[in-house]
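Novice: could you look at this predicted model? Sequence included:
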Amino acid sequence: MNNTCFVIMPIGTQTIGGITITEEKLREKYDYIIKNAIKKALPSLEVIRADEELNPSSISNDIFTKLMHSQFVIADITYPNPNVFYELGIRHAIRPGTILIREKVDFSIPFDISHLRHIEYTQEPSGMDRLAEQLKRRFEFYANNPEKPDNQFLELCSFTNYMPTVYGKPNTSKQEMVANLFGLFLSNPKMLQAITDKSLSKDEQQQAFIQELVQDPNYAKQFIQALLQTGIIQI
């Protein structure tokens, strides 16, 4: 998903300040202004919204996956939509590459995000071109500053050396893998003796080694996994 731009915005009909915008109008705004502006700013990007090409039975997981792995996320904060703000908060907490946009309207931005920098756009004929120009500048900024925090939460994490809880499996270094393999050897003296017994031929050493290995299936499983991890044997 390194070339994906995920757009978070209201999908259903919205009403605020006595103004109602239908689902169809929101879709038109996405298709003809937002999506076209993104593609014009960086044609290589795959642009997708939550209701496009996602599995209806697991839409939440699909959205979370897009928030985690998309190179860019563009959030339209024109309307105070809870889903948009929730998804924006998740993205802000996990990685940079988030751009806020907002249509030029009369009602104000909610206080909690009013301080965040955003790009303003209009639905005038030239609105898409102006939005594309500003998005292009932001994309170029991220290309030149790929690790720079782009929101207050990530800035605070960087300043305080705070590392959010990581649930992924840690990568094991090559040195650790080799150390684990030797640890398995040392934990079974008979196996070590089998391959170091000078009174046995090479074939006899291998046979004695295999005989010791099959005595304990759990140990054999661990040993084979260690060999695979180090690359000594390959499937």
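Specialist: Structure received. Only a predicted model underlies this, so the values are computations on that prediction, with no experimental measurement involved.
Novice: do you have the strands of this protein handy? List them.
Specialist: 4-8, 14-16, 19-21, 46-49, 72-76, 98-103, 119-121 (DSSP state E).
Novice: I'd like to know which of those is closest to residue 155.
Specialist: Ranking the strands of the chain by proximity to residue 155 (C-beta to C-beta) places strand 98-103 first, at 13.0 Å. The way it works is simple: take the backbone N, C-alpha and C, and place the C-beta from them, glycine included.
Novice: angle of the closest one against strand 72-76?
Specialist: Here the directions of strand 98-103 and strand 72-76 differ by 30 degrees (axes from the mean of the first three to the mean of the last three C-alpha atoms, to 10 degrees).
Novice: quick one: mean pLDDT for strand 98-103?
Specialist: For strand 98-103, the mean pLDDT works out to 95.
Novice: give the pairing partners of it; include direction for each.
Specialist: Note on strand 98-103: by DSSP bridges, its sheet partners are strand 72-76 (parallel), strand 119-121 (parallel).
Novice: of all the ones you listed, which one comes closest to residue 189?
Specialist: Nearest to residue 189 among those is strand 72-76 (56.1 Å), distances taken as C-beta to C-beta.
Novice: most tightly packed of the strands paired with strand 98-103?
Specialist: strand 72-76 (a mean of 24; mean count of other C-beta atoms under 10 Å).
Novice: hmm, residue 2 is touching residue 95, no?
Specialist: No - at 12.0 Å, residue 2 does not count as touching residue 95 under the criterion of C-beta atoms under 8 Å.
Novice: gap between the residue lying closest to residue 97 once chain neighbours are set aside and residue 88?
Specialist: Spatial nearest neighbour of residue 97, chain neighbours left out: residue 72 (4.9 Å); criterion: C-beta to C-beta, 6 or more residues apart in numbering. Relative to residue 88, residue 72 is positioned 13 Å away (C-beta to C-beta, to the nearest Å).
Novice: got any ranges where this structure has weak pLDDT?
Specialist: Where the chain drops to pLDDT under 70, the residues are 1, 53-58, 109-112, 114, 168-174, 185, 234-235.
Novice: so which residues of it form helices?
Specialist: Here the chain has its helices, by DSSP state H, at 23-29, 35-41, 59-69, 82-94, 127-144, 152-160, 174-186, 189-196, 202-213, 217-230.
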